[in-house]
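>>> model the following, please.
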Amino acid sequence: MKVRDAMHRHAFSVHPNTTLSAISETMRVHDIGAIPILEDHKLAGIITDRDIVVRAFFNGFNPTEVMVRDIMTKKVISCREDENLQYAVKIMEKNKIRRLPVLDESNFLVGMLSLGDVAHVASSQLIAGALMTISEHHGKNHKAL
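Predicted coordinates:
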């Protein structure tokens, strides 16, 4: 199976000059936790709900003044739509990430692949292994609240 068969097409994306309050509202309205950042139609970064909390909220930034470019992750791990789904899962496992922007042969964003997407189409063995590997660090030194 190819990544294109499992991914969400037409991923939301924003420009790096978008404010944190605007991107937070987009995440809330559409119930999404990661949004690719495009500049000149190319992938420039990604921002997650965790980025907003850890890099902005925790540091006391004003969400109406701070731009996405100030807190986004600039080194983006991605995959191609024509790659094998198992290969994309290996990328997620290696990098301990749950979402991958999906690019076409011209490096244009065509979708997003999440662990949830994989769970809907892959074998239970593949998804169980991926989830265990990606979440591995959460089991170490974890204390109940």
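>>> which parts of this protein are helices?
All helices of the chain, identified by DSSP state H, fall at 20-30, 49-51, 85-95, 115-121, 124-134.
>>> and the second one, how far out from the chain's middle?
Which is helix 49-51. Put simply, helix 49-51 sits 10 Å off its chain's centre (CA atoms, centre = their mean, to the nearest Å).
>>> residue ranges with poor pLDDT in the protein?
Per-residue confidence for the chain (pLDDT under 70) gives these ranges: 122-132, 137-145.
>>> in it, which residue is most central in space?
Arg99 (3.7 Å; CA atoms, centre = their mean).
>>> please name the residues that touch that one.
Going by CB atoms under 8 Å, 6 or more residues apart in numbering, Arg99 touches 33-34, 46, 48, 112-115. For the C-beta atoms, the positions are set from N, CA and C on the backbone; glycine is no exception.
>>> nearest to Arg9 among these?
Using CB to CB, Met112 is the member of the contacts of Arg99 that lies nearest Arg9, at 8.8 Å.
>>> give me the neighbour count for the nearest residue to the closest one once chain neighbours are set aside.
The spatial neighbour of Met112 that comes closest, neighbours along the chain excluded (CB to CB, 6 or more residues apart in numbering), is Ala11 at 4.2 Å. Number of residues near Ala11 (other CB atoms under 10 Å) recorded here: 19.
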